[in-house]
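[1] Model the following, please.
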Amino acid sequence: MLRDAVEANQLEEVRKLYEASFPKSEKKPFGFIMKKRKKGLFDVLSIQDGKGHFCGLAIMMLSGGRALLDYLAIAPDCQGGGVGSQVLEELRQRYGDDKIVVEIESTRGLEGADLADNRLRRKAFYLRNGMVPMDFVVDLFGVEMEVLTFGGTLTFGQYHAIYKAVLPKALAERIRLQPR
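    Below is the predicted model of the structure:
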């Protein structure tokens, strides 16, 4: 299901879905990702079904033996069939249970609110698939985010070290620990 996107057509499918799936304010320039990929700081993965049909993307930020799931998008025609859960299982096999890190927009204080529905569904998805929230919350460029792993312990310093290794210093310094 997961394949390193190396061929031009795979990269184009990934780029198109990436551009369509995330708000501009949340996207890193795709060229930046590709440049850092050459330095071993990103994995750009194509998700394919058993027939080789493109079903989505996973972009992993890599540093210090950890893999931060920076972007995950499932193509609309592949949603709802367990593809996301299957991808998480393959990521566990690829990187190891205690090495995967995920960020989600905070759900604190939003339970039951209409605006929170997508956030709550996203969190429930990760929890159903065995992830657990860490005991800290971060301010990621002005957005409060919860951090989850597959049960390994992770400190804010270890989490922040991923960004320090990949992003320019001025950007990495804008990521801060939030009071819980």
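[2] how about low-confidence regions in the chain?
    110-116, 180 (pLDDT under 70).
[3] now the strands for it?
    2-4, 42-48, 54-63, 66-74, 100-105, 132-140, 143-149, 175-178 (DSSP state E).
[4] Could you dump those into JSON lines with mean neighbour count and distance to residue 17 added?
    Yep, even glycine has a C-beta here, placed from its N, CA and C like the rest. Formatted as JSON lines, those follow (neighbours: other CB atoms under 10 Å; distance: least, CB to CB, whole Å):
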{"stretch": "strand 2-4", "mean neighbour count": "14", "distance to residue 17": "14"}
{"stretch": "strand 42-48", "mean neighbour count": "23", "distance to residue 17": "9"}
{"stretch": "strand 54-63", "mean neighbour count": "22", "distance to residue 17": "5"}
{"stretch": "strand 66-74", "mean neighbour count": "21", "distance to residue 17": "5"}
{"stretch": "strand 100-105", "mean neighbour count": "20", "distance to residue 17": "19"}
{"stretch": "strand 132-140", "mean neighbour count": "16", "distance to residue 17": "22"}
{"stretch": "strand 143-149", "mean neighbour count": "18", "distance to residue 17": "22"}
{"stretch": "strand 175-178", "mean neighbour count": "14", "distance to residue 17": "26"}
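[5] Which one of those lies nearest to residue 36?
    Residue 36 lies closest, by CB to CB, to one member of the strands of the chain: strand 42-48, at 5.0 Å.
[6] Quick one: distance of that closest one to the chain centre.
    In terms of CA atoms, centre = their mean, to the nearest Å, the centre of strand 42-48 is set 11 Å apart from its chain centre.
[7] in its sheet, what does that strand sit against?
    On the basis of DSSP bridges, the sheet neighbours of strand 42-48 come out as strand 2-4 (antiparallel), strand 54-63 (antiparallel).
[8] Tell me which of the strands of the chain sits nearest to residue 121.
    When the strands of the chain are ranked by proximity to residue 121 (CB to CB), strand 100-105 comes first, at 10.3 Å.
[9] List the contacts of the closest one.
    66-69, 91-92, 119, 122-123, 126, 131, 138, 140, 143-150, 154, 159, 162 (CB atoms under 8 Å, 6 or more residues apart in numbering).
[10] and the angle from it to strand 66-74?
    Orientation of strand 100-105 against strand 66-74 (axes from the mean of the first three to the mean of the last three CA atoms, to 10 degrees) gives an angle of 60 degrees.
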